[in-house]
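**Q** attaching a predicted model along with its sequence, questions to come.
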Amino acid sequence: MSMVDRWPTSPRLKISPTVVRWCRDEVQNLVTNLDATSWRQLFGQDGLINQLLAMIGVEGVSWVAHPDFALGTLVLLNAWTFGAPMVIFLAGLRQIPVSYYEAAEVDGAGTVSRFLHITLPMLTPIIFFNLVLQLIGAFQSFTQAFVVSGGRGGPSDATLLYTLYLYERGFGSFDMGYASAMAWVLLAVIAVLTGINFLFARRWVFYGN
Amino acid sequence: MATESAAPRGRSRRLTKHALLIGFGLVMLYPLLWMVSSSVKPDATIFRDPSIWPSELDLGNYVDGWTALEHPFHFYLLNSAVIAILAVAGNLISCSLAAYAFARLEFRGRKIFFALMLATLMLPIHVLIVPQYVLFSQLDWINTNLPLVVPKFLAHDAFFIFLMVQFIRGLPRELDEAARIDGCGHIRIYWRIIMPLSVPALATSALFTFIWTWNDFFSQLIFLTDPELWTMPVALRSFMDGQGETAWGQLFAMSIVGLAPIFGFFLAGQRYLTQGISTTGFR
C-alpha cells in the first residue's frame, strides 16, 4: 500500500491514490475473473476452439499460451470483430447518389467498372476515416492482450503490447511519471503516423469537387 | 453434367453463393449463439459441452438472474437507458454542429483545432481516466449521471465529429452556395441542407453512441459507485463479484437481456441506415 502513496498528491487532490488503486484493482478483478474461466475455456489446450478443430481432424495447440501463436490469435480476434467499420461503410454506401449508377448503366458500365469508378472513389472519405481510426485503435489495443496474459504480456512477452507495458509501469510498479511519459510518446507516434496518413490522403481521397 | 442447362447452373451458383454467405455469417455470429445457448444450459455444462444446441432447455437462469441482485434487473436497465438516450441526443446535436464548422466554415486555426480534436482520440482511456476523475470530483459530480452525459453535449466524442466531417465534405458545395444565394445563413444551411443529407451518418452516430454507452463498463463503474445508480454493465459485473462461484448461466442470461435493447435500437434505426439520401437526395 505504501507504493500507492508515491502517487503525487496535493491536499486538494486527496482522492487520487484511492482512485488509482481502485482503477488497478477493478481491471485486475475483471481480468482474473475472465481469465481464469471463459478465455482459457475457449482458447486453451482443451478449449472449445480445439474441440471444434478436433471434429474436423485438426489437432490444436494452446492458442494463447504458445509464444508463436498468442499474438496472431489476438490479431485474428480483432479482425473478427469488424462490425463498427462495416456499419460505417454501409452508411457511406448509402450516401452515394443512385443517379450516378443509373447514368453509368446507361453508358454501358458493368458491375465491376461501376464499383471501381463510382463506389470506390465516392467511398474514399469513409475508407480514409476507417483507416485513420483503426490505426489509432490498433495502437491502443489493450484489453484482449491483458486478458489472455493476465496482464503480464506473456507467454515470453509475445503479447506485451505498448499499452500493457504502460499499464504495468503505471499501475503495477506505480511509476506514474514513467507511465505518463510513455503515454505522451504513444501520442507522438500515433500523431506522426496519422499526420502521414493525412498527407497521403491528398493523393487518393476524393471529396467530390 | 450433360443435361445441365444454363438455368440450373445459375441456380446452383446462387446456392453456393448463399451457402458461403450463410456459413460466413454463422462464423461471425458464433460468439453470440454460444452465449444464447449457454444462457439456457445448467451451469455445470456450459464449458463442458461445445455443442451450440443445448441438450436440455433450462430457462431458470432468466428467472433467477432477474432477481439475483439488490434490485430487479429492469431497475439497472432503466438507469442505463436514461444515460444512453441523453448521450445519443447530446452527440447528435453537438457533434454535427462541430462537424459542420470543421467541414464548411473558414476560421482561423481550423487545421490546428482539427488536429487537436483528433489528438484526443490518441490517448488510451486508461491514461485519461485519472485526470477525468479528479476533474469531476472537484466539480462534485461523482455519483451523478453528469460525467457521463454533459460531455456528450459539448462535442466530446471526436470519433463522431470526424465521421460527420468526412460525410459532410462529400456533399456537393454547390448546394450550400445555392442556398446562400437564396439568403440562407449558416444555421439554415446546417439544418435545412446538411442535416437532411447526412441521415446515414447521423443514424450511424446514434447507433454507435447508443451501443457504446449502453455497453460502457469502465467509466460507468468509476463514476457511479452508488448501487442506486448502477447501470446494466455494472450490475452484470456483480454476478462475478467476490470469491464465490460465478453464476455463469445467470450472467449469460442477463447479458442476453442486456443485448436486447441494442438489437431493438438497431432494428428501429435500420431503415435510416439502409435508406439514405440515395433515394431522397439531389437529382
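**A** Thanks, I have the structure now. Numbers count the residues shown, from 1 in each chain, chains lettered A, B, ... in the order given.
**Q** burial measure for residue B:112, as a count.
**A** 9 (other CB atoms under 10 Å in any protein chain shown). Where C-beta positions appear, they are placed from N, C-alpha and C, glycine not excepted.
**Q** which residues does it contact?
**A** Going by CB atoms under 8 Å, 6 or more residues apart in numbering or on different chains, residue B:112 touches no other residue.
**Q** how close does it get to residue A:197?
**A** Separation of residue B:112 from residue A:197 (CB to CB, to the nearest Å) stands at 17 Å.
**Q** biggest helix in chain A by residues?
**A** Assignment by DSSP state H gives helix A:176-204 as the longest helix of chain A.
**Q** would you mark the buried spots in that helix?
**A** Buried residues in helix A:176-204, counted by 16 or more other CB atoms under 10 Å in any protein chain shown: A:176, A:179, A:182-183, A:186-187, A:190, A:194, A:198, A:201.
**Q** from the contact counts, what lies against it?
**A** helix A:120-139, helix A:162-167, helix B:110-119, helix B:125-138 (3 or more CB pairs under 8 Å, 6 or more residues apart in numbering or on different chains; DSSP states H and E).
**Q** any idea how far the closest residue to residue A:141 other than its chain neighbours is from residue B:125?
**A** Distances taken as CB to CB, 6 or more residues apart in numbering or on different chains place residue A:161 nearest to residue A:141, at 5.7 Å, with adjacent residues excluded. To residue B:125, residue A:161 is 15 Å away according to CB to CB.
**Q** ok, back up a step: near the residue nearest to residue A:141, how many other residues are there?
**A** Each residue near residue A:161 was counted by other CB under 10 Å, and the total is 21.
**Q** I'd say it and residue A:140 touch.
**A** No - Residue A:161 lies out of contact with residue A:140 (CB atoms under 8 Å); the separation is 9.0 Å.
**Q** state the helix or strand in which residue A:66 lies.
**A** Under the assignment given by DSSP states H and E, residue A:66 is not contained in any helix or strand.
**Q** tell me how many other residues surround the residue nearest to it when sequence neighbours are not counted.
**A** Nearest-residue entry for residue A:66: residue A:155, 6.8 Å, with adjacent residues in sequence omitted and distances by CB to CB, 6+ apart. Residue A:155 has 17 neighbours, counted by other CB under 10 Å.
**Q** what about residue A:155, helix or strand, and which?
**A** For residue A:155, there is no enclosing helix or strand under DSSP H and E.
**Q** kindly report the same for residue B:195.
**A** With DSSP H and E as the test, residue B:195 turns up in helix B:195-197.
**Q** can you name the residue of chain A nearest to chain B?
**A** Taking CB to the nearest CB, chain B has its nearest neighbour within chain A at residue A:94, 3.1 Å off.
**Q** wouldn't that residue be in contact with residue B:200 here?
**A** Yes - applying CB under 8 Å as the test, residue A:94 and residue B:200 come out as touching, 4.2 Å apart.
**Q** residues in contact with residue B:93?
**A** Taking CB under 8 Å, 6+ apart as the test, what residue B:93 contacts is residue B:153.
**Q** list the buried ones in whatever helix or strand it lives in?
**A** Element membership for residue B:93 (DSSP H and E) is helix B:73-104. Buried positions in helix B:73-104, judged by neighbour count with 16+ other CB under 10 Å: B:73, B:75-77, B:79-81, B:83-88, B:90-92, B:94-96, B:98-104.
**Q** so can I have CSV of the helices and strands packed on helix A:176-204 showing mean pLDDT and distance to residue B:31?
**A** Converted to CSV, those look like this (pLDDT from 0 to 100; distance: least, CB to CB, whole Å):
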stretch, mean pLDDT, distance to residue B:31
helix A:120-139, 92, 19
helix A:162-167, 87, 23
helix B:110-119, 93, 31
helix B:125-138, 83, 23
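**Q** so for residue A:108, which of these sits nearest?
**A** Closest to residue A:108 of these is helix A:120-139 (CB to CB; 18.8 Å).
**Q** who are the packing partners of the closest one?
**A** If you count contacts as 3+ CB pairs under 8 Å, 6+ apart, helix A:120-139 packs onto helix A:83-94, helix A:176-204, helix B:158-169.
**Q** can you tell me what sits against stretch A:108-119?
**A** With CB under 8 Å, 6+ apart as the criterion, stretch A:108-119 contacts A:93, A:96, A:100-101, A:104-105.
**Q** filter those residues down to just the ones in strands.
**A** Using DSSP state E, no member of the contacts of stretch A:108-119 sits in strands.
**Q** from the residues you listed, which is closest to residue B:263?
**A** When the contacts of stretch A:108-119 are compared against residue B:263 (criterion: CB to CB), the nearest one is residue A:93, at 22.2 Å.
**Q** was I right to think the closest one contacts residue A:123?
**A** Yes - using CB under 8 Å, residue A:93 is in contact with residue A:123, at 6.9 Å.
**Q** so for these two, which sits in the more crowded spot?
**A** residue A:123 (20 against 16).
**Q** which ones are touching the more buried one?
**A** Residues near residue A:123 by CB under 8 Å, 6+ apart: A:89, A:92-93, A:96.
**Q** same thing with residue A:201?
**A** Per CB under 8 Å, 6+ apart, neighbours of residue A:201: residue A:128.
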